[in-house]
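Asks: could you work out the structure for the sequence below:
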Amino acid sequence: MAKKKVYAAIEISDQEVRLVVSEVFDGRSNILRVEKAVCDGVKDFRITDEGAVVKAIQQVVKQAQNALGYKIERVLLAIPPKDVRRSSQKVHIAIEDGTNNIRRFHVQTGLKQAMQKKLDDQHELVSIDKILYTVNQNSSTKIPVSQEANSFDMEVDLLYADKEILYSYAKAVEQANLEILDICLDTFAQAHETAALAMSEDRPIILLSLERDHTTLSLLMQSRIMAVSVLDQGFGSFVEELKEKYGFSDETAYRLLQNVFETKDENITDSIIYIEQQEDERVEITARELADIVLPKIRGWIAEINAASEPIVKDGKARYMITGQGSNLPVLEKFEDAFNAPASVYKVTAIGARDGSYVSDLGMVYAWQEINRIHNDDRTSVNNNELEASIESINRYTKDEEGGFTQKLKRAVLSAGN
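Replies: Down below sits the predicted model:
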């Protein structure tokens, strides 16, 4: 009988730590809890204040534990796309036990051989991308367990990232008294959640992850991540002028961005949409002033994206997909036609996590389930004894409540009859 498995995924982003706790059962995923904690300990993907990062991790984990009633012991950890490199390794696996039957052990052996590839001293393996199996001259991405053959080949795409950053993120998680179940390149996780990997089988997909301080451009082709680059401009640059002029906080500036809805001048009004009483003055922001500051910045951002992607989109088949926290901005949908290829804003549909900032966390669970078909690792993120006790407690409480209501209803009916 299938058991419910609970996974906790953590992303250390530009300005906050994000946690998503998911329950996987019978191939379906349900969101149990999401948490965020503000953190100023990261700049340009590098941890500048380890103590602040550790504290934020502990905060989101504690909040989730208190709500769920059981301990989170290990997590899936997102690694930022700094200096991403890829390498394709081909390995040949002989079935030497005389059975001529491919078993999971043989696939695990092949994967371990491929993973031994060391790129250089500055990069570390982060994620396993596409795996292509060739058995009896037939190629497929399906794991060939139980197929008959005396040997088979594996072509394994490996993704590497900055070694120093990876180790610093892992250290911060361990300092927060958590084990790491697995690590995952954040753009690879996003490609899983958005289904961009599958969509790229027959056309190039440019996945744009818009965060506060940067935008990640990932090129996906033939269900592979082919290249990743980072633009040092995020949605924070859209409101930087507003922050400097009025001294607004990041949180206030982001809320104002979420209130930009129109791009056409005739639809923008002079109505006041924000009032703030500061120490020596009263600040009033109109929809028009906000638009006059923000819209040119967004157009400039899109122009940079278009210029960087021109060699890819010129054949007419490519398309853009926008995700990340910036995908929460309503006005971006009005700019889809401004890109030099078809573009769409990805909207998270998972109940309980309908926020673009959780895309990496959600995708890590899918990525882990995919690679775990080979690893066959039974570990989850929580203490199973506490999880089972919590489920039993909930079931018992529900049963007691239902019994109590039924008895009250029965008494009420009998009383009415008399």
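Asks: contacts and neighbour counts: CA atoms only from here.
Replies: Noted.
Asks: tell me the spacing between Val21 and Lys71.
Replies: Taking C-alpha to C-alpha, to the nearest Å as the measure, Val21 falls 12 Å from Lys71.
Asks: and for Glu336?
Replies: Note on Glu336: its distance to Lys71, by C-alpha to C-alpha, is 43 Å.
Asks: just Tyr133 next, same as before
Replies: For Tyr133, the distance to Lys71 - C-alpha to C-alpha - is 39 Å.
Asks: higher neighbour count, these two?
Replies: The neighbour count for Tyr133 versus Lys71, taken as other C-alpha atoms under 10 Å, is higher for Tyr133 (22 against 18).
Asks: per-residue confidence for that one?
Replies: Reported pLDDT at Tyr133 in the predicted model: 98.
Asks: can you confirm it is in a helix?
Replies: No. Tyr133 is assigned strand when assessed by DSSP: H, G, I helix; E, B strand; the rest coil, not a helix.
Asks: who are the contact partners of it?
Replies: Tyr133 makes contact with Ser139, Ser140, Thr141, Lys142, Ile143, Pro144, Phe152, Asp153, Met154, Glu155, according to C-alpha atoms under 8 Å, 6 or more residues apart in numbering.
Asks: change it to 7 Å
Replies: Counting by C-alpha atoms under 7 Å, 6 or more residues apart in numbering, Tyr133 touches Ser139, Ser140, Thr141, Asp153, Met154, Glu155.
Asks: count of neighbours near the second one?
Replies: If you count neighbours by other C-alpha under 10 Å, Ser140 ends up with 13.
Asks: may I have the phi/psi pair for it?
Replies: Dihedral pair for Ser140: phi -160, psi 160, per degrees, to the nearest 10.
Asks: was I right about it contacting Lys130?
Replies: No. Counting by C-alpha atoms under 7 Å, Ser140 does not reach Lys130; the two are 10.7 Å apart.
Asks: okay, domains of the protein per the record?
Replies: Split into domains by automatic domain parsing, the chain comes to 85-162, 230-345.
Asks: compute the first-to-last residue distance for the first one.
Replies: For domain 85-162, the first and last residues are 9 Å from each other (C-alpha to C-alpha).
Asks: span of stretch 113-121 from start to end?
Replies: Distance across stretch 113-121, first residue to last, is 19 Å (C-alpha to C-alpha).
Asks: quick one: closest of the domains of the chain to Ala64.
Replies: Closest approach to Ala64 among these is made by domain 230-345 (20.9 Å; C-alpha to C-alpha).
Asks: mind jotting down where the helices sit in the stretch 51-200 of the chain?
Replies: For the stretch 51-200 of the chain, the helices defined by DSSP state H, counting those that start in this stretch occupy 104-115, 163-175, 186-193, 196-199.
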